[in-house]
Structures are given as structure tokens and as C-alpha cells.
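with the sequence up front, the predicted model follows.
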Amino acid sequence: MRLWHTFNPHETEALNDVIARVQERYPDVRVRATVIPFSQAQNAFRRAVTGCAPNAPDVFRAELPWLAGFVERGFLRPAKGKVVPRGDYLAEAADVGRYRGKTYLVPTSVDGLALLYNKALLKKPPQTLKQLISVGQRLTTDRAGKPSSSPAFVVSQAIRWGFYVRADGYWFLPFLWAHGGQLLDPDSGEIFIDKARAVQALSFYRDLARTHHIAPPHLRLSNDYEDQLQRFGRGELAMMVNGPWAARAILKQPAFREHRHLGVAPLPMGPSGRPTAPMSGHGFVVSRCAKDPALAWKLAMALADGDAQMVFAERAGLLPAIAEVYDRARVKRLPLIGAFRAALKGARARPAHPIMARIFDDFTPAVQAVLLGDAQPKEALAAVAKAWRRLLGPPTTPATAPATAPAGSPAASQPGKSGLAP
């Protein structure tokens, strides 16, 4: 069995352990694993299975938003019979592997964005966007000790920031949802990204840095992901948005050598009053090129069972998709697993639609243009809506829509994420 995956190095070590156990349990399953860079994985899979190249994988680790596009192109084989009983999954992961009434993916982990904060600087995290501004202004200080709420505050002399605004569409999603905005309707194909609530959300996101001065105003588009990690790790940043995949890197930084200083909280709520975290995750799919689909599904299910998910939680910090794994003693001893799980309760997935794999191609550049001051929110989001309507083609429903080739990974807008757009 050829297995393609997108795990980073320490996650790959956990995978190798899981594979060894699977092969002991199922001597008929022999696995040849190949790592594919996350930002290249979607296109690499598409190319390999389009003509069933000799190296095409039997089993592939896919991000959840890729599923609809893969199914529409006929790239996957559905499971026959039950994979894991639906009731065994977390509520938000129960249906993520299903599309058009069939199961095409077995979930292995869930992830999403949470508010990370330095407990040495902040004891209680903000729960609303209004609190985010007030707390952020108190924690943002210049060399003279003036907070950013003071008329005497000098932006160019700031030595600590309260928050960080990433120029990235996926990082903007929580603020869109907090204001009651939407992306699109997966059934009708109606686009909402250019509506008033979305414009309001992007204006608010821009103003965190430009008006409220709680975030660095000078963007580093080529490496803002690393920039926020480094600032946070040095104690120069009190709060940021990130996911469980970043925890290991953060805990190696000077400000978090005492691991108890890393706080994890739900993202602040806005006018909508609803949880705002975007939920994503990963699972294993079976390629249409699998020579023995039944054996390939056997491998996929074994790599994603409760024992495997416990190993990934222990060794790599990934959040299990199966509910009972959180009750295992070995997982209960992992405080960050529980903290991220609590922070992501109520998180929601992006709409299940084939264009989800491509929305960040236009979305992230628009967010960047607004944050740089090169465009106004209304005009930037109007351009995004126009591009998405072009992707959708003539008005129709996803069930009869012409398939769209996945080209350009939303993962490219999520540096450091080994497993969401994003």
C-alpha cells in the first residue's frame, strides 16, 4: 500500500510508530509511506491520480476542505459499510467525512484557531471583541511605558504589542463570523463575502492595528506567521491567534520555558454572539487508483482508530476526532490537548463545496491589500466575490455543478500548519 501524507517531522515519527503497530496487527498490509509538503499536497495528489501514475497513492492524508473537490473530480473511492460509528466522533467531526450521502474520508484529527496568550502578562483572556481592544490597548506599551490608549503613545517606539493581525484570509475568518458574515451557501452557491457584515468585519480587523494600535502596523507578508511566533516567544506579544499545530514550537521559546505560561482560550465573540473558531482537520481517503480498495480502506481505518489517534495526541499534540480518546488516562495528562479541545468547542467547518479548496487564492491577497492600505474593504471583498463567482461558473447547485480542479492550496496561506485554512 502506498501512503502519501503531509505530517511534519515529529508527526512523522508518531506515524511511523502507528504504521509499525498496524503492520503487526495486519500482516497482509505492507505500507510504503511518502511525505508530501503540505502546500504542494493537493496538486500533487491531483496530478498523480488523474492518470493513475505508477507512484499514485492508495491512501492519502487530506485536509477536510479538499474533500468535496476531490469527490467531484472522481479522485476517491467511497467506503463500503461503516467506517467508525457516527456517534463515536466529536459532534463537530461526525459528518466531515461524508459527501453526497457517502463516506469518503475517515477523520484522524480536528484542529482550528484559538486565542493563545501569555499568562505571565495576562491572567484572564478577553471574551469579546470589545474586550480584545481594551485588553490589547492596556498590554501594548511604548518605551516610555505609555499604553496605546494614551494620546502620548508613540507607535514607532512600541516595545510590546497586545495582539497580532495576520494578513491571511484564514486568520480573518473568525472575525468575519464574529460579525455574522458568511462565505457562501453550499447548496445555492450564493456568495456572501461582499455583503455589509463582511465589509464591517474586515474594517474592524484592519482597525485593530491602524486605529486601536494593539497590533504591529508594519506587515511582513513573506513571514508574518514566523514573525508572530517569534514576538510571542520573546514575550513581546501578549496574545495571538494560532492552532494546536503551533504549540510545540511555542513551548521551546524563552517566554514559555515554563509551560504553564501558555494560555489557550476560545476566540473572542463579536456582535453575532456565536462561537467563531473555524474547524478543520485531517483524515485518510482512498484513491481511485487503489488496486485493492478494500485493503486500502482497511489501512485507512487502522491509521485512524482510537489507538492511533491517542499516539498522535501524545507524540504530536494533534486533537483526536474520536470522543472517547479524550477520556483515556494518557491523553488526560496532556493539558494542552484538553485546553485546545475546550477552546474549539462549537467550532464550525467551512461550507462543503468544491471551490473551498481554492477560496484563499483570492481571499488572502484581498485581506493583505486592505491591511497594507492599498484597498478599501468594500472594493477588496467585491473583487473576491467576483472571483468566487467565476469559480462557481453558471448558477447551479453543487450536485450538478461542473467540477473544478483543485489548483492552489489554502494551506499555502497557513505557514507552519502541518495539518487549515485554512
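That came through, no problem.

what sits against the closest residue in space to Tyr89 that isn't next to it in sequence?
Nearest non-adjacent residue to Tyr89, counting by Cβ to Cβ, 6 or more residues apart in numbering: Ala321, 5.7 Å away. Yep, even glycine has a C-beta here, placed from its N, CA and C like the rest. Ala321 is in contact with Tyr89, Leu90, Ala93, Val96, Pro107, Thr108, Ser109, Val110, Gly281, Gly283, Ala304, Gln309, counting by Cβ atoms under 8 Å, 6 or more residues apart in numbering.

from what I see, the third one and Asp111 are in contact.
It stands for Ala93. No: applying Cβ atoms under 8 Å as the test, Ala93 and Asp111 come out as separate, 10.7 Å apart.

overlap in contacts, these two.
Gly281.

ramachandran angles for the nearest residue to Pro216 once chain neighbours are set aside?
Spatial nearest neighbour of Pro216, excluding adjacent residues (Cβ to Cβ, 6+ apart): Trp161 at 5.6 Å. Here is the backbone geometry of Trp161 (degrees, to the nearest 10): phi -110, psi 150.

measure Trp161 to Val155 for me?
Trp161 sits 10 Å away from Val155, going by Cβ to Cβ, to the nearest Å.

and the worst-scoring helix or strand of the chain on mean pLDDT, what does it pack against?
Lowest by mean pLDDT, DSSP states H and E among the helices and strands of the chain is strand 348-349, with a mean of 87. Packed against strand 348-349 by the contact rule (3 or more Cβ pairs under 8 Å, 6 or more residues apart in numbering; DSSP states H and E) you find strand 278-286.

so what strands line up beside the strand it packs on?
strand 59-63 (antiparallel), strand 105-112 (antiparallel), strand 348-349 (parallel) (DSSP bridges).

figure out which of those is closest to Asp187.
Closest to Asp187 of the strands paired with strand 278-286 is strand 348-349 (Cβ to Cβ; 15.0 Å).

what comes into contact with the closest one?
With contacts defined as Cβ under 8 Å, 6+ apart, strand 348-349 is touched by Leu64, Pro65, Glu92, Val96, Trp177, Pro275, Ala277, Pro278, Met279, Ser280.

and if we set it to 7 Å?
Leu64, Val96, Pro278, Met279, Ser280 (Cβ atoms under 7 Å, 6 or more residues apart in numbering).

which of the residues you listed sits closest to Lys82?
When these are compared against Lys82 (criterion: Cβ to Cβ), the nearest one is Val96, at 15.4 Å.

helix, strand or coil for the closest one?
Secondary structure assignment for Val96 (DSSP: H, G, I helix; E, B strand; the rest coil): coil.

now the strands paired with strand 278-286 in TSV, with mean neighbour count and distance to Ala357?
Compiled in TSV, those are given as follows (neighbours: other Cβ atoms under 10 Å; distance: least, Cβ to Cβ, whole Å):
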stretch	mean neighbour count	distance to Ala357
strand 59-63	28	8
strand 105-112	26	14
strand 348-349	18	13
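
can you redo the ones you listed as TSV with distance to Tyr26?
What follows is the strands paired with strand 278-286, written out as TSV (distance: least, Cβ to Cβ, whole Å):
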stretch	distance to Tyr26
strand 59-63	13
strand 105-112	15
strand 348-349	31
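
who wins for proximity to Ile250 among these?
Nearest of those (Cβ to Cβ): strand 105-112, 14.9 Å.

state the next helix or strand along the chain beyond the closest one.
The helix or strand immediately downstream of strand 105-112 is strand 114-118, counting by DSSP states H and E.

what about Pro216, which SS state?
On the three-state scheme (three-state DSSP), Pro216 is labelled coil.

to clarify, my last question referred to Pro57.
coil.

that one and Thr6 touch, don't they?
No: Pro57 sits out of contact with Thr6 when judged by Cβ atoms under 7 Å, with a separation of 11.6 Å.

okay, the angle between the host helix or strand of Arg341 and strand 105-112?
Taking DSSP H and E as the criterion, Arg341 maps to helix 335-343. Here the directions of helix 335-343 and strand 105-112 differ by 90 degrees (axes from the mean of the first three to the mean of the last three Cα atoms, to 10 degrees).

who does helix 335-343 touch, helix- and strand-wise?
Judged by 3 or more Cβ pairs under 7 Å, 6 or more residues apart in numbering; DSSP states H and E, helix 335-343 is in contact with strand 262-265, strand 319-320.

out of those, which is closest to Pro377?
strand 262-265 (27.0 Å).

show me where pLDDT drops low in the chain?
Applying pLDDT under 70 to the chain flags the ranges 84-87, 394-422.

in it, which spans are helices?
Using DSSP state H, the helices of the chain run over residues 9-25, 38-50, 67-72, 129-139, 169-178, 196-210, 224-233, 247-251, 293-303, 306-316, 329-332, 335-343, 360-372, 377-392.

deepest of those, which one?
helix 169-178 (a mean of 26; mean count of other Cβ atoms under 10 Å).

with just CA atoms, put it into PDB.
Only the C-alpha atoms of helix 169-178 are listed here, as PDB (Å, rounded to 0.1, in the frame of the first residue of the first chain):
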ATOM      1  CA  GLY A 169      -7.800  35.000   4.900                       C
ATOM      2  CA  TYR A 170      -8.000  32.000   7.200                       C
ATOM      3  CA  TRP A 171      -6.900  34.100  10.200                       C
ATOM      4  CA  PHE A 172      -9.500  36.700   9.300                       C
ATOM      5  CA  LEU A 173     -12.300  34.100   9.200                       C
ATOM      6  CA  PRO A 174     -13.100  34.200  13.000                       C
ATOM      7  CA  PHE A 175     -13.600  38.000  12.700                       C
ATOM      8  CA  LEU A 176     -15.900  37.500   9.700                       C
ATOM      9  CA  TRP A 177     -18.000  35.000  11.600                       C
ATOM     10  CA  ALA A 178     -17.900  37.100  14.800                       C
END
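
report the inter-axis angle for that helix versus helix 196-210.
Going by the same axes, to 10 degrees, helix 169-178 makes 120 degrees with helix 196-210.

what packs against helix 169-178?
Contact here means 3+ Cβ pairs under 7 Å, 6+ apart; on that basis helix 169-178 packs against helix 196-210, strand 278-286, helix 360-372.
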